[in-house]
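[1] Need the 3D shape of this:
(chains A, B, C and D)
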Protein chains: 2
Amino acid sequence: MPELLSRRELNKAATRQAITDAALTLLRAQGPGNFTVEDIAESAGISRRTFFNYFSSTEAALASMTHGFLDNALQQFRQRPADEPILESARAALMQLADPMTVAPLAELFTLTQDNAVLSRSELEAWDHCTEEIISAARERFAGTPGAVVDELYLRALAGSVISCGKAAMDVWFARCGADLSPASLAVLRQLLIDAMGHLGSGFGSPVPAAGPSATSTTATTHLNKERL
Amino acid sequence: MPELLSRRELNKAATRQAITDAALTLLRAQGPGNFTVEDIAESAGISRRTFFNYFSSTEAALASMTHGFLDNALQQFRQRPADEPILESARAALMQLADPMTVAPLAELFTLTQDNAVLSRSELEAWDHCTEEIISAARERFAGTPGAVVDELYLRALAGSVISCGKAAMDVWFARCGADLSPASLAVLRQLLIDAMGHLGSGFGSPVPAAGPSATSTTATTHLNKERL
DNA sequence: CATGAAATTACACTACGTGCAAGTTTGCAC
DNA sequence: GTGCAAACTTGCACGTAGTGTAATTTCATG
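    Numbers count the residues shown, from 1 in each chain, chains lettered A, B, ... in the order given. Below is the predicted model:
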């Protein structure tokens, strides 16, 4: 009776989930750096060795949330029509992130680890990994148009900049709203993402975001400054 | 007889240098991950414990080169006139990197570590650290103009994008030219940096770099593709 | 149920990173 | 120079990370 997912795969998924849950619980309770892999394993009901069969480190286990978050955005990007301007595709993909269910784990993770060097390092790695995937996705898209010569520099500079803008928007949002997930807060995040992509699309011509033809960009970002960054 | 640098500081600088030299030598000889901190310490003529008084890990010792490299660029940025367009300042600062003496250590480090996860992680951290510093520098610059409201999102998105473009240019350059430090190769790097900043300044409007008013941008980047990335 | 593949586990081992308490070097005042 | 205090180095011990290996258990399939 072959189901969609075999027993083995279900077990693995459950174990994986148990590990990340246990890691997050311990992070909440003890704070970063105050618990060991053994603690996680015990809390997840597995052996220390099994933990390492799933993740190479504590940080990797926690960063899997960020990976899931970014994979979500990447999936959105891949589904955009190929003839759409690429910056518009990126904007639309990033917009999907301003969803309560999506950002919630990342927001908490951010607040819990923002002052921890070794953990933010894994976050960096996750963003970088996403950049590489965007490069692949964009390369495939351009390769679809026949006869086009793909400029590797263009791809990499673009993908890196898009990710940087997404990261900048989230950083500012976290600094401004903390872990607030209210509709108003998420609206701020959306506007920040729009504004950041607006800056990118207009070549960073002016610190005051010029309202694009399609974006009714209220200058919500220019009124607040001196945030805790 | 108080010299410019006291004996203590000279000794520390020498030890620090001995450590990084030893680490680089071992990296060349054994390859990444095939030597220990103890090996470095012995090669540098110090104890294992002393190594950790200077660097928190092997990767940190090696990443100090990248830090020096990027600090150089940052210094250039800070020296640009405050009324200059900020993207032009960034372009000028990045241009300083295309200097044989400056890129040589970084180029070698890159070729030696490009397929090593744990080492490139430290490189990422160095670039991120530089981003934060650029944000500070740019914030100070804008704060200089009286009455200006500093848009934190603009700052962070801009700094991140500039760094991403610099990184993209170096990545493409390494992929294309390897560790070649000939004048021709460095000219390629300069052109890549110019083109990347051109893309950024024009809002990534077209994959073909539009020759800016001041840049005689031959489209050197569009002819080659399928590089080993 | 029998059999083999896949996953978990215990165990051992190397290396990392740090606290601590010595010992050594340097700077400074007398 | 002598003495002293601060800075630096070193050895030691300890807990933890991460990995290889071999034995054991769990699952799928005939």
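
[2] ok, now how distant is the residue most central in space within chain A from chain B?
    The residue lying closest to the centre of chain A (C-alpha atoms, centre = their mean) is A:L70, at 3.8 Å. Remark: distance between A:L70 and chain B (C-beta to the nearest C-beta, to the nearest Å) = 15 Å. Just so you know, the C-beta spots here come from the backbone N, C-alpha and C atoms, and that holds for glycine as well.

[3] Next, the buried residues of the helix or strand that contains that residue.
    Following DSSP states H and E, one finds A:L70 within helix A:58-79. For helix A:58-79, the neighbour count (16 or more other C-beta atoms under 10 Å in any protein chain shown) marks A:58-67, A:69-70, A:73-74, A:76-78 as buried.

[4] wait, does that helix make contact with DNA strand C?
    No - using C-beta under 7 Å from any atom of the strand, helix A:58-79 stays clear of DNA strand C, coming no nearer than 12.3 Å.

[5] Give me every residue in chain A that's in contact range of DNA strand D.
    So chain A meets DNA strand D at A:2, A:6-8, A:11, A:36-38, A:48-49, A:52, A:56-58 (C-beta under 7 Å from any atom of the strand).

[6] run the last query once more with 6 Å
    Counting by C-beta under 6 Å from any atom of the strand, chain A comes close to DNA strand D at A:2, A:6-8, A:11, A:36-38, A:49, A:52, A:56-58.

[7] from those residues, which two are the most distant?
    The most widely separated members of the residues of chain A next to DNA strand D, counting by C-beta to C-beta, are A:P2 and A:T36 (39.4 Å).

[8] pull the longest helix from chain A.
    Looking across chain A with DSSP state H, the single longest helix is helix A:117-144.

[9] Pull up the residues of chain A that are close to DNA strand C.
    Within chain A, the positions near DNA strand C by C-beta under 6 Å from any atom of the strand are A:8, A:11-12, A:15, A:46-47, A:49-50, A:53.

[10] I'd like those residues written out as a markdown table, with neighbour count and distance to B:S164 added.
    Shown next, in a markdown table, are the residues of chain A next to DNA strand C (neighbours: other C-beta atoms under 10 Å in any protein chain shown; distance: C-beta to C-beta, whole Å):
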| residue | neighbour count | distance to B:S164 |
| --- | --- | --- |
| A:R8 | 8 | 41 |
| A:N11 | 11 | 40 |
| A:K12 | 14 | 36 |
| A:T15 | 17 | 37 |
| A:I46 | 17 | 39 |
| A:S47 | 12 | 41 |
| A:R49 | 9 | 39 |
| A:T50 | 13 | 38 |
| A:N53 | 11 | 35 |
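
[11] Restricted to helices, list the residues you listed.
    Taking DSSP H, the ones among the residues of chain A next to DNA strand C that sit in helices are A:8, A:11-12, A:15, A:49-50, A:53.

[12] With pLDDT and distance to A:V103 added, can I get the residues of chain A next to DNA strand C in TSV?
    Compiled in TSV, those are given as follows (pLDDT from 0 to 100; distance: C-beta to C-beta, whole Å):
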residue	pLDDT	distance to A:V103
A:R8	91	32
A:N11	95	29
A:K12	96	27
A:T15	98	26
A:I46	98	29
A:S47	98	33
A:R49	98	34
A:T50	98	30
A:N53	98	30
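
[13] what bits of chain A have low per-residue confidence?
    Scanning chain A for pLDDT under 70 picks out A:1-4, A:207-229.

[14] how about a cut-off of 80?
    Applying pLDDT under 80 to chain A picks out residues A:1-5, A:115, A:117-119, A:144-149, A:206-229.

[15] before we move on, back to that, A:S185: which of the ones in helices among the residues of chain A next to DNA strand C is nearest?
    A:T15 (33.9 Å).

[16] I figured the closest one was touching A:I46, is that so?
    Yes - if you go by C-beta atoms under 8 Å, A:T15 and A:I46 touch, sitting 6.4 Å apart.

[17] Give me the contact list for stretch A:114-133.
    Residues outside stretch A:114-133 that contact it (C-beta atoms under 8 Å, 6 or more residues apart in numbering or on different chains): A:32-33, A:57, A:59-60, A:62-63, A:66-67, A:70-71, A:73-74, A:110, A:113, A:159-160, A:163, A:167, A:174, B:121, B:124-125, B:128, B:164.

[18] Let me see the domain layout of chain A.
    The record assigns chain A these domain ranges, following automatic domain parsing: A:1-55, A:58-223.
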